[in-house]
Structure formats: structure tokens, C-alpha cells
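*Asks:* here are the coordinates; sequence isn't available:
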């Protein structure tokens, strides 16, 4: 199988890149030229759109079968967990929840946000866009994660800061150095970093765990394992790893949470040697609060103060069931076309 890797800083400055081993005229740079399906690595965009639309990591959504216009996305192993938080769903790379988040945020908003975050390739119009069925370049996907890492400012990956003639102080050319517009809020970037850290801490990206510092990232495995990705970042660097065959043959025994995560961990461990361990710029979500309904007065007299309800009482249980049922109904009314993004 072929492999490629890109390492950059949070502002898009490419520090190292491997796109192949060919020499001469036949050289093909898989880091900058290859268009490959992104699989579940694209879920970072989906959840960014969801957070921008007002969703929160602790919000619950149904992990249950869903069908949209004859398309029924499946989870890895056909396992369904029922009500699950968005943080848990991203960590476990649950397909049904990603699709529901995309539909609730709006497919057109998801596609538009992906372009604002740096993807230049066309994105599928159908619901399967949530599972990374569209193609992208590794360097652009790595830059997309740099946008999250730096607090939400758009990144244009570059390899040259400026060009000067020897002895001249004025450059004759400059690269697109520095970050651009704020394309997601700093709050969204911080909350999403918190969620992507959970991917490594307790989800599909455990093999990318760094021994001495925090890291956040996302695995990606496309349909029939033709592509395997791991893209993640620390407080210093962003790195993206892709593996696959040029002729689109399926990989054997390789998923995004396997060899790509191992490669990512080994590279990041070495390039951070001697660097002070700094924390990620993350935001921990507030814990959800249960708000009890006031007691309904029995006549026209002034209502009495709300009667306290014991935690876990009948009223609380009913409110919880109503909320969960409402989420399930709204999710199931959104129906989907082609599967991708089965991670391990």
C-alpha cells in the first residue's frame, strides 16, 4: 500500500511532507495531488457545523437505524447504542448520529463550512456527504484540522514564507503565510477540540495516544477500506496520515485507527522531543442541568411555589423520555444513500 503524511503548524506552514518514493518525471505526490474519499475524518466538519448550529457535546441523539430515500447507513459491526451524547458518538465514530447531526445542521451548511475550512474539491449533494464519501487532498484535510486547532481561523497550507535575493531586504515574493478569516467561532473550535481529544483518549484513535502531552484527532476508513486516515494535532503541530492503493484496491487489515494512527503517534513523538508539553486550546462543555416543571395550580388562586421533585422521580423520567423521543422522531424523519466511514 502507499502512504502519505503532511506536518504543519497551526497557521498552515508545512514543515515536512512525504507523498511517495518515485523519482524523476513519474513522481506523484499523494500528499498534494491524490484525491481520496475522506471517510469518517470528514465528521470533524459535520460536528463543527452542528456546534455552529447550537448543538453541544452533551446533547443526546439516537443511535438507531435510519433510512433516507432508500439509503440506510450502518455502524461498524451493525451495533446501535440508543441515546448517546454527541461527544460519545464522535469518539466511537457512530455513523447514524453523524448523519442525524448533518441533517439537523443542514447538508448545504455542512458543505459550505467544509469549503470555508479549506476544501476545494466538489462535495456530494446527498446525505452521504456526512460520512465522507466525497474526495479531498491530504494537505487540504490537514489544513482543515489546523483551522480547528488554531481557534477557528481559515488556513491555506504553504511551503514558502518569502523569497529574497541574497543581500536584499525586500522580498520579491511572499507565500500565503498566516491565518485568514474566522470561519468557525472560537467556542466551536474549543468544544470540537475537546470532542476530538475524546477520540484519542477513549475512542477509535486510542493508538494515537501521546505519552507526554494532549492530542486531538480523528480516524477515517472509507467503504471497503480503500482509504485509511488519521489526522490530529497537538498545541504545536498538525499532522495528517493517509494510506491506500493508487488503484483503489481495498486495504487488508488496515483501518484509520490502526497503522495510520501508529504512524501518526511515532512521527509526532519524535518531532516533539525536547518541546515543552503544552495543553490544547479546548473548552470543556458545561454539565447539563435538569430543570423541573412547576406544579400546575388546581384553581384560579395564585400558584404555589414549585414542589421539589426527587431526582429520578416520575416527572423527571417523563421529561427525559419526552426529550429523547422527540430527538428520535426528528432524527428518523430525516431519511438517506451510500455508506462510508466505518472506523476502528
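*Replies:* Structure's in. What do you need? All values derive from a computational prediction rather than experimental measurement. Residues are numbered from 1 along each chain as shown.

*Asks:* tell me which residue is most central in the chain.
*Replies:* residue 44 (1.7 Å; C-alpha atoms, centre = their mean).

*Asks:* distance of it from residue 172?
*Replies:* Separation of residue 44 from residue 172 (C-beta to C-beta, to the nearest Å) stands at 37 Å. Backbone N, C-alpha and C define where each C-beta goes, glycine included.

*Asks:* next one: residue 221
*Replies:* In this view, residue 221 and residue 172 are 45 Å apart by C-beta to C-beta.

*Asks:* follow-up on the earlier one: helix/strand/coil for the residue nearest to the centre of the chain?
*Replies:* For residue 44, the secondary-structure state derived from DSSP: H, G, I helix; E, B strand; the rest coil is helix.

*Asks:* isn't it up against residue 146?
*Replies:* No. Between residue 44 and residue 146 there is no contact under C-beta atoms under 8 Å: 11.4 Å.

*Asks:* ok, which stretches of the stretch 51-200 of the chain are helices?
*Replies:* 86-91, 95-105, 107-116, 138-149, 186-202 (DSSP state H, counting those that start in this stretch).

*Asks:* most tightly packed of the ones you listed?
*Replies:* The highest average neighbour count among the helices of the stretch 51-200 of the chain, using mean count of other C-beta atoms under 10 Å, belongs to helix 138-149 at a mean of 28.

*Asks:* for residue 179, give me its contacts.
*Replies:* 10-12, 150, 153-155 (C-beta atoms under 8 Å, 6 or more residues apart in numbering).

*Asks:* between those, which sits nearest residue 124?
*Replies:* Comparing the contacts of residue 179 against residue 124 with C-beta to C-beta picks out residue 154 as the nearest, at 22.2 Å.

*Asks:* excluding its backbone neighbours, what's nearest that closest one?
*Replies:* Closest residue to residue 154 apart from its sequence neighbours, by C-beta to C-beta, 6 or more residues apart in numbering: residue 180 at 3.8 Å.

*Asks:* what of residue 188?
*Replies:* The nearest residue in space to residue 188 (C-beta to C-beta, 6+ apart) is residue 51, at 4.3 Å.

*Asks:* enumerate every residue touching that neighbour.
*Replies:* Residue 51 touches 57, 184, 187-188, 191-192, counting by C-beta under 8 Å, 6+ apart.

*Asks:* kindly report the same for residue 10.
*Replies:* Residue 10 sits next to 146, 149-150, 155, 179, 233, 238 when contact means C-beta under 8 Å, 6+ apart.

*Asks:* report the two of those residues separated the most.
*Replies:* 179 and 233 (14.2 Å).

*Asks:* next one: phi and psi at residue 266?
*Replies:* The phi/psi pair for residue 266 (degrees, to the nearest 10) reads phi -60, psi -40.

*Asks:* same question, residue 132
*Replies:* Per-residue torsions, residue 132: phi 70, psi 40 (degrees, to the nearest 10).

*Asks:* show the contacting residues for the residue nearest to it when sequence neighbours are not counted.
*Replies:* Take residue 132 and drop its neighbours on the chain: the residue closest to it by C-beta to C-beta, 6+ apart is residue 42, 3.4 Å away. Counting by C-beta under 8 Å, 6+ apart, residue 42 touches 114, 129-132, 134, 136, 220, 341.

*Asks:* could you do residue 48 as well?
*Replies:* 113, 117, 148, 184, 188, 192.

*Asks:* using the three-state scheme, assign it.
*Replies:* helix.

*Asks:* all further residue positions should be reported with the first residue as 36.
*Replies:* Okay, using 36 as the starting number, the last item reads as residue 83.

*Asks:* kindly provide the distance from it to residue 202.
*Replies:* From residue 83 to residue 202 the distance is 46 Å (C-beta to C-beta).

*Asks:* could you do residue 288 as well?
*Replies:* 56 Å.

*Asks:* before we move on, what about residue 69?
*Replies:* Counting by C-beta to C-beta - residue 69 and residue 202 are separated by 40 Å.

*Asks:* between these two, who's got more neighbours?
*Replies:* The neighbour comparison of residue 69 against residue 202 (other C-beta atoms under 10 Å) goes to residue 69, with 21 against 5.

*Asks:* just the pLDDT for the nearest residue to residue 237 once chain neighbours are set aside.
*Replies:* Closest residue to residue 237 apart from its sequence neighbours, by C-beta to C-beta, 6+ apart: residue 126 at 5.8 Å. pLDDT recorded at residue 126 is 98.

*Asks:* residue 256 against residue 277, yeah?
*Replies:* No. With contact defined as C-beta under 8 Å, residue 256 does not count as touching residue 277 (11.2 Å).
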